[in-house]
Each structure stands twice: as structure tokens, then as C-alpha cells.
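Chemist: requesting a structural model of the entry that follows:
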Amino acid sequence: MSEDIEKLIRCVVLGIIGIICVAGNALVLRTIFCYKQPRVPIYIIICGLAIADLVKVCFEIPQYVVSWTKQGQILSETWCKVDIYLVSTCTYVIAYHLVGLSIVRCILLTDRAHTRTYVLHAILSSVIIWIVMLLANIPAFTTSTKYVIDEENQDCVSSESDSDKHFWLRTAFSYILPLFVIAAMYVVTHLFSKRFVEESYSRREIRLSRMVTCLIVVFAICRLPYEIVSYLLLYKSHQMEDNFEHDASEDNLFLLYYKVLDYVEVFTLVDLAIRPIIYAKLSWYFSASFDEIINCIPCREKSEQRRISRQRRSARMRVDSQPSQTPLTLGVEDYAGVEDGPDAIEVVNVEAG
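Modeler: Alright, predicted model coming up:
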């Protein structure tokens, strides 16, 4: 397969991911802001997660496409700084919103009395995560720049992106530590939920618990190949630096890792497209909201109302246009119930005339 075809395939996959992510998370935000029922802690955290997904996909996918195809003029110094800063911030925000979902799941399954709603706590938690991550990633903004090899080879890079410290900090605080905290919360939830029988949980609680678990599993699976390949690249680069007389096969292996990295970067973004699908499948509120837009239920209701109205008007017009069934003259048998017979009817008609 030629290199151009490989780039085209990656760009098409990224485009599909971007469309699904933008459309799905836009529907998620519509559900949160337009419906009163979903304003519960788990949906508040999902709202913050959806915003992070939207920001990340809107900045990361164009950067990848421009970098791979060498087309477009959006790679300016300012764009590179904003792009790397927001993508780095959203990477951490997504991870810690998933931690927040695991905590909310623990409360959902262990606080059987439901004495508190925790809505305000969820809002504050999401806002705090965003503020802390925006401040913590300021170095990513200051160290980012536009890297120019020639007119066709330009890319956005961070001066610390290849350092060991940056790699281990990013991996530890955006992947390993969040998954460790999530695992701890699941253990705590399991221990505390032993006091309750499984039948005590409603169908809604079970579905929401499954939804959170699916979100976490998809995140862990999609990020794992990227972390492995990144570590192999880091290890191989150190090995080549220590061994100045390495052969061509090591260089080819190093280039192969870089080529594989392009594909695992695409795979890392797949979870952005899968999350809205999980919302729609395992949450009744999101499913109803998605169905309302996708199947255009208001349009069908209006069309049905117009159809019923037309049928009623047509029925009234048919009734009005039919000749009267009342006889113009009465026969002798029709006077049977009249007290004075036909003469009385005639007198009444004359007086009326």
C-alpha cells in the first residue's frame, strides 16, 4: 500500500470520528441544557466530559490532517500554541472526568437512601477539574512552537514533548494515576455494596453503572496502544543514542515504530466517537433525545397533526355537500302522532306563512 493511500485512509477515519464526535456530543449538551430530568450528578460530569471531547476533536483532528497531507495554511505559531495547549488540557480533563464518574457511580450504588442529590458537588467538581488542568498545562502553551523543516514539512511541536520527564508525567497523570484511582473506587464500591442485594438496584441504576464501566474500559483500551508505542519509541531512541554504531535494521525498526504511531494516534481518538454511542445505548434520557433529533419526532408529530386536521376538514366538507335526507312532504302515516291530524298541520303552516 502506497504512503498516499495510507494517509488518505487515516484522514477518512479521522473525518468519520470527528463527525460522530461532534454530532453526538452536541446532542449530549442539548439533552443536558434542554431537559430538566437529566440534571443529576452523573449527567453533569458527562456534560464536562462532552465539552472536553468537542474541544479536543475540533483542534486535534485538523492538526493531524494538515500534518499528514502537508496541505493547508492553518499551522501558524499562534495556532500551534493554542492547539497543543487545548489538546493537552482536554487529555487530562477527560481522564479526571472519568474518575469523577467512578466516584458518582460509587455514590449511586452505595447511598441507597438517596438523601442528597450532589448536583452542586458535581458542578463544582467539573469546574475545578477544568480550572486546575487549564492552569497546569500553561507550560504546554509557552513551550509550543511551529517546527519548519521546509515548505512542505511543517508541524506543531512542544520543546518538551520528546523528553523523558514529559513522557512519564503525561503517562502517569493522564493515564496510570486516573486508572489507579478508578480501580480503587471500584474496589470500594464492591465492598460497600455487599450490604445490599442485587434486586434492590433499579434498572436505571444498573444501566448507569454499566454505562460508566463501558466508558472507562473503552478509554483504557484506546489509550493503551499509544502508551506502549510511545514507550518503545522512547526506549529505542535512548538505545540508539548509547550505541553510535547501530546498524540499518535498528534504524528501520525505529522508523517502523513511528509509522505505527500514526495509526495508534488515530485509534486513540476512537473513544471520542464511541462515547456518544454508549450514552445513547445505556441512558434512556440520551436515547430519547437522540431519537427525537435523528428521527425528527417533532416533525412527524406536526405532520401527523396536519394530516388529522386535513382529514377532519374533508369529512366536514363531505357532510355539508351531501343532500338532506329529511322528506319535503309527509305521508298520511306521518300524521299518526299529531293530535288534530293534517288539518292542524295546515293551520300551523298558514299561520306561519
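Chemist: how many other residues sit next to residue 30?
Modeler: Neighbourhood size, residue 30 [other CB atoms under 10 Å]: 15. Where you see a C-beta, it was placed from the backbone N, CA and C, and this is true even at glycine.
Chemist: which helix or strand contains it?
Modeler: Element membership for residue 30, per DSSP states H and E: helix 3-34.
Chemist: average pLDDT for that helix?
Modeler: Helix 3-34 carries an average pLDDT of 90.
Chemist: would you mark the buried spots in the following helix or strand past that helix?
Modeler: Elements were assigned by DSSP H and E; along the chain past helix 3-34, the next helix or strand is helix 41-69. Neighbour-count burial for helix 41-69, counted by 16 or more other CB atoms under 10 Å, picks out 41-68.
Chemist: also stretch 19-29?
Modeler: Of the residues in stretch 19-29, those with enough neighbours to count as buried (16+ other CB under 10 Å) are 20, 21, 22, 24, 25, 27, 28.
Chemist: and the residues you listed as CSV, adding distance to residue 268?
Modeler: Putting these into CSV (distance: CB to CB, whole Å) gives the following:
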residue, distance to residue 268
20, 15
21, 13
22, 17
24, 17
25, 17
27, 23
28, 20
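Chemist: report the two of those separated the most.
Modeler: When these are compared pair by pair using CB to CB, the farthest-apart members prove to be 20 and 28, with a separation of 12.1 Å.
Chemist: which neighbours do the two have in common?
Modeler: Common neighbours of residue 20 and residue 28, counting by CB atoms under 8 Å, 6 or more residues apart in numbering, are residue 276.
Chemist: helix or strand next in line after the helix or strand where residue 271 lies, which one?
Modeler: Here residue 271, judged by DSSP H and E, is contained in helix 270-282. Downstream of helix 270-282, the next assigned helix or strand under DSSP H and E is helix 284-294.
Chemist: point out where the stretch 201-350 of the chain drops to low pLDDT.
Modeler: Using pLDDT under 70 as the threshold, the predicted model of the stretch 201-350 of the chain has low-confidence ranges 242-251, 297-350.
Chemist: swap the cut-off to 80 and go again
Modeler: Of all residues in the stretch 201-350 of the chain, those with pLDDT under 80 make up the ranges 237-254, 294-350.
Chemist: which elements pack onto the helix holding residue 30?
Modeler: If you count contacts as 3 or more CB pairs under 8 Å, 6 or more residues apart in numbering; DSSP states H and E, helix 3-34 packs onto helix 41-69, helix 248-268, helix 270-282, helix 284-294.
Chemist: and the gap between residue 179 and residue 21?
Modeler: Using CB to CB, to the nearest Å, one obtains 22 Å as the distance from residue 179 to residue 21.
Chemist: which residues sit in contact with residue 268?
Modeler: Under the criterion of CB under 8 Å, 6+ apart, the neighbours of residue 268 are 222, 223, 225, 226.
Chemist: am I right that the second one is in a strand?
Modeler: No: note on residue 223: no strand contains this position according to DSSP: H, G, I helix; E, B strand; the rest coil, which reports helix.
Chemist: in contact with it, which residues are there?
Modeler: Contacts were defined as CB under 8 Å, 6+ apart; by that measure residue 223 touches 175, 268, 271.
Chemist: if we can go back for a sec, what's the closest of the helices and strands packed on helix 3-34 to residue 210?
Modeler: Across these, residue 210 has its closest neighbour in helix 270-282 (5.6 Å, CB to CB).
Chemist: for the stretch 51-200 of the chain, which spans come out with low pLDDT?
Modeler: Looking at the stretch 51-200 of the chain by pLDDT under 80, you get 67, 69-77, 112-117, 143-164, 196-200.
Chemist: what segments of it are helices?
Modeler: With DSSP state H, counting those that start in this stretch as the criterion, the stretch 51-200 of the chain has helices at 77-110, 119-136, 138-142, 164-171, 177-192.
Chemist: which of those sits closest to residue 204?
Modeler: The closest of those to residue 204 is helix 77-110. By CB to CB, the value is 9.5 Å.
Chemist: now the closest one against helix 270-282, angle please.
Modeler: Between the axes of helix 77-110 and helix 270-282, defined by axes from the mean of the first three to the mean of the last three CA atoms, to 10 degrees, the angle is 40 degrees.
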